[in-house]
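Visitor: just the structure for this:
(chains A and B)
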Amino acid sequence: MRLKHTLPLSFLLFTTRGRLQRSSYWIVSLFIFSTFYVLYTLLIESIGDQSTYFLYPLLLGSLTTTAMKRLHDSNCSGYWLLAVLIPVLGPIWLIYQLGFKKGDRQKNRFGTVPDEAADYFKNDLGQLRPGLKTGERIINDVTQLNPVVVAEVFRPTSVEDLRERLRITTGPVSVGGGRFSMGGQTASPQSLHIDMRGLNQVLDFSKENRTIKVQAGIRWCDIQRYVDPHDLSIKIMQTYANFTVGGSLSVNVHGRYMGLGPLILAVRAVEIVLADGSFVRASRTENPEIFFGVIGGYNGLGIIATAELDLVDNVAVRRKDQKMARSDYYSWFQTHVRSNPDAVFHNGDLYPPAYRNIRAVTWLKTTEQPTVKTRLMPLRESYPLERYFLWAFTETFFGNWRREYLIDPLIYLRKPIHWRNYEAGYDVAELEPRSRTKRTYVLQEYFVPVRQFDAFTERMAEIFNRFGVNVINVSIRHAHADPGSYLAWARGEVFAFVVYYKQRTSETARQEVGTWTRELIDAAVSLDGAYYLPYQAHATPAQFHRAYPDAKKLFALKKTLDPDFRFHNLFWNTYYQPKSLES
Amino acid sequence: MLRLPVLTILMVLIAGFLFFRKKQPAPTTPAGKGCVVPKEWLVSNPHPVTPAEHLRPADQTFLTYPEWFLVHSPAEMADFAHTHTTTTFPFLYHVKQLWQSYGIVYDQIKGSFPFNTGYHVMIWVIGVSTTVEYAFKTLYETIIGRLTNPANGAVVTDEDQFNARLMQDYVDFIRMRPWYEFDFASRIPALFQTTSFFGPYFLRKLDRKYMLLTELLVKTGYGYLIKLGTKASYDEALPTTAVVVDRFPGSGLTSHPEIQVVKAESDGSALLLLPRYEAFHPAVAALVAQGVGFREIAGNNSAILLTVLAPDTWNPGFPECKPVFTQPIKTKPGLKRVAVVTPVRWLAQTVRLLKEQSVNIEHIYDY
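Guide: Residues are numbered from 1 along each chain as shown, chains lettered A, B, ... in the order given. Reported below is the predicted structural model:
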């Protein structure tokens, strides 16, 4: 909940500060007039004419204050309301100004743009609960399914700070940034939790070489703001820009980019703080074993402190979509997307619950003028429509059917043109439900070699339907092979299946998710594929090692670089040394 | 802020319920469901004797009602304005009466006559304009006018007296001529010349000056536009209504120069030209007084609509005329308007019987 949402209605009705956007003004005016009419009618009929006069201060007061705030929206002082005194022209101008004119797109002297969030959605700094010892905090991730009590939260502001802290301490350490992973990868019980979000500086930027060097606690959205004025764009990142670079590197993310793949393909070098506080630089040529172990390595070897990333041109992209039978998708993709040099983003939305149809959405490079006014995606205070759709698709009868045959066709009527940076700037807030207490939205992801697309889809559909999984969406992405990271999820050219589903938070519900997840993992692994690790750790160790055959090499490397097993989190606790935690 | 939209929807629903719920007395009460006029009264005259240039569609007697309501309504307002400020005038009640009566008259002719597009368009234009005007007046009078209104709505300021005169002049004018020909512009200087700036009820004076000035300015502009539009879309209407009477009144017409004789037939019947609109009823009354009966009016021998203003308890009580609907006159408790129909051949008898009952005919809708 953002601050504005918790303010009472009287704040809207009886204060004159700030701005009010057009749609809110219509709603609040409708509210004022209908409420007045109701009270007026009831008072006249129950008490009498005279009793209505006490309504007038409320009526005139709220009409005046809301109109003043609406005037502020176009940078006009509230005194412009006096224009009403000029017969005919005054009221006409005011009706236009209040009811029809769009507000300023930028911040003005009366405040920021209404309903535009000041920043991307963020997780908290660690929650305090009654009963915790001094320093203890609860570290949770965005799903709120993995609360972990840590001994202390430390937020370094310089790399030196961080190194010093590791040097002078012993004991378990967990590392978190944006905390958008979904399976406890950012915390471990009674560890020293390092919140990397204070390390958010741009260290070096070269427009000519198209590289940027950043501290790992910086968020992708911050980099976008930095490089956008130079007409540059991040080469590879995930769809949502809330994440920190360090977190994305540790899970080796991918996005919807065509012709690319895992994030490691766009990383030139990283600098690591090891368990003893020492500092190492790693690239494909320099300390390559660390480079391939730390990217996609779930923070097992050391803490990624800085990263040098590739940039590309910030081109305009036009959306093109096509709905087709799932069985036609693979060959269509090969001819129309894979070899298309203009394809920048691509994904296929596989419609549940039949999984027989796909809407393929491709963003193609264009020289046309973008249809959006801003270069970066504007942030919104609330996403009522998105929230409604998520609810409707998952909770109502024929919700999925309505989405496939009514809502999506309408949404895809538009043919928007965005900047590459704009299209990579989504805010996780659009997915946030009102509450995650009883039910929560969770992600999973599976990878299979491209030729196994149909085989895997059929098995996946069978498993989902047998378990009655409430799947919201399965998004298909494409990735080229990973150049060699130990926990590579793309050992060849793969399709990624990003599964977004809704689950209850009860223990039995979680166990059920575990059961079908293990079946899906078996399905993917039997087709020479893998599953993704940033999510709940439902896989058995045997499944994990079959999906990630090089994990043993990473484990061996961890023994040398982190001999005391300082770097903990749920992933390492589960698959590396499950016993150490119990002792 | 999800609460606000939810609360708003809730309040709008309650407000809608309060506005549309059935209240007593209902603004308009139909005499029955659907068409209450006998179907045989709703047949166009296949072989009119009246020359073609004087023919008008038979359904127009019904369709002119909403148009004339926009004379009846200002007339009621003008009467009211002599004794009360118009702040408490029941504008929305009249809006309901307008649309409800339009619905009822349309029910009568639906299916019996071809759809009269031009007339319906005109009704919608004037109906929507009046609805908007009355809605704005209600809004303004409720939010501001009520606060400055003198006790019991007494007409004490120069401005409210000016308004009463204006209303009366306007009604007198539109009984004869289209409303948009009324000279609103010349009333603007008059507003300032005939009222003092300072005086008792100072706020009321300011409020009324603002309101009257706005009304005059808007109507000057809107009237100008409608005049242009009307000239472009409608032919100049004839100022006369041709009637065929069964007996030539002869010398009885000498005291009525407004009635012209076009042709007297050998069988005793005659084709006469009567003034149209407001003056039609007095001319008809004069002919009825001489024992004349009607065969055709504007070429029609089907039903013709009349409205009468009668006490609450009144009923026609004779089979020659059928009531269609009643509307209470809200500002004159005890009085109601009753719309009745009768075939043209019985019009004379109906007028005579109504006169015997001392009931005032408000208007005869001469197609």
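Visitor: alpha carbons only for contacts and neighbour counts from here, please
Guide: OK.
Visitor: in chain B, which residue sits nearest chain A?
Guide: Residue nearest to chain A within chain B: residue B:8 (4.7 Å; CA to the nearest CA).
Visitor: isn't that residue up against residue A:31?
Guide: Yes. At 4.7 Å, residue B:8 counts as touching residue A:31 under the criterion of CA atoms under 8 Å.
Visitor: tell me where the stretch 151-300 of chain A has strands.
Guide: Taking DSSP state E, counting those that start in this stretch, the strands of the stretch 151-300 of chain A run over residues A:152-154, A:173-176, A:192-195, A:202-206, A:211-215, A:232-234, A:267-274, A:279-283.
Visitor: just these: most buried one?
Guide: Among the strands of the stretch 151-300 of chain A, strand A:173-176 has the highest mean neighbour count (mean count of other CA atoms under 10 Å in any protein chain shown), at a mean of 27.
Visitor: dump the strands of the stretch 151-300 of chain A to JSON lines, plus mean pLDDT.
Guide: Shown next, in JSON lines, are those (pLDDT from 0 to 100):
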{"stretch": "strand A:152-154", "mean pLDDT": "95"}
{"stretch": "strand A:173-176", "mean pLDDT": "96"}
{"stretch": "strand A:192-195", "mean pLDDT": "96"}
{"stretch": "strand A:202-206", "mean pLDDT": "96"}
{"stretch": "strand A:211-215", "mean pLDDT": "97"}
{"stretch": "strand A:232-234", "mean pLDDT": "97"}
{"stretch": "strand A:267-274", "mean pLDDT": "97"}
{"stretch": "strand A:279-283", "mean pLDDT": "96"}
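Visitor: go through those and name the closest to residue A:315.
Guide: Of all these, the one in closest proximity to residue A:315, counting by CA to CA, is strand A:232-234 (8.2 Å).
Visitor: who does the residue lying closest to residue A:210 once chain neighbours are set aside form a beta bridge with?
Guide: Excluding the flanking residues, the one nearest residue A:210 by CA to CA, 6 or more residues apart in numbering or on different chains is residue A:311, at 4.9 Å. Taking DSSP bridges as the rule, residue A:311 bridges to residue A:234.
Visitor: shouldn't residue A:311 be in contact with residue A:231?
Guide: No. Counting by CA under 8 Å, residue A:231 is not a contact partner of residue A:311; they are 10.0 Å apart.
Visitor: higher neighbour count, the two?
Guide: Using other CA atoms under 10 Å in any protein chain shown as the criterion, residue A:311 and residue A:231 rank with residue A:311 on top: 22 against 16.
Visitor: give the contact list for the more buried one.
Guide: Contact analysis of residue A:311 by CA atoms under 8 Å, 6 or more residues apart in numbering or on different chains lists A:210-212, A:232-235.
Visitor: same thing with residue A:175?
Guide: Residue A:175 touches A:186-187, A:193-196, A:299, A:303, counting by CA under 8 Å, 6+ apart.
Visitor: CSV for the residues you listed, including distance to residue A:78?
Guide: Formatted as CSV, the contacts of residue A:175 follow (distance: CA to CA, whole Å):
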residue, distance to residue A:78
A:186, 49
A:187, 51
A:193, 50
A:194, 48
A:195, 45
A:196, 45
A:299, 55
A:303, 53
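Visitor: identify, from these, the entry nearest to residue A:147.
Guide: Distance to residue A:147 across the contacts of residue A:175 (CA to CA) is lowest for residue A:187, with 8.6 Å.
Visitor: just the mean pLDDT for stretch B:13-24, thanks.
Guide: Stretch B:13-24 shows a mean pLDDT of 91.
Visitor: do the helix or strand harbouring residue B:214 and chain A come into contact?
Guide: Assessed by DSSP states H and E, residue B:214 sits inside helix B:202-233. Yes. Interface with chain A: helix B:202-233 contributes B:210, B:213-214, B:217-218 (CA under 8 Å from any CA of the partner chain).
Visitor: and the strands in chain B?
Guide: Ranges of strands within chain B are B:29-30, B:240-245, B:260-264, B:270-275, B:294-297, B:303-311, B:322-328, B:335-343, B:360-365, based on DSSP state E.
Visitor: buried stuff in the last one?
Guide: Put plainly, it is strand B:360-365. Neighbour-count burial for strand B:360-365 flags B:361-365 (criterion: 16 or more other CA atoms under 10 Å in any protein chain shown).
Visitor: check the strands of chain B for me: which has the lowest mean pLDDT.
Guide: Sorting the strands of chain B by mean pLDDT places strand B:260-264 lowest, at a mean of 89.
Visitor: in contact with residue A:187, which residues?
Guide: Residue A:187 neighbours (CA under 8 Å, 6+ apart): A:139-140, A:148, A:150, A:174-176, A:193, A:568-570.
Visitor: surely residue A:520 and residue A:460 touch.
Guide: Yes. Using CA under 8 Å, residue A:520 is in contact with residue A:460, at 6.4 Å.
Visitor: between these two, who's got more neighbours?
Guide: Neighbours were counted for residue A:520 and for residue A:460 using other CA under 10 Å; residue A:520 has more, 24 against 21.
Visitor: look up how far residue A:458 lies from the more buried one.
Guide: Per CA to CA, to the nearest Å, residue A:520 is found 11 Å from residue A:458.
Visitor: rewinding a little: ok, the contacts of residue A:175 vs chain B, which is closest?
Guide: Nearest to chain B among these, counting by CA to the nearest CA, is residue A:195 at 31.5 Å.
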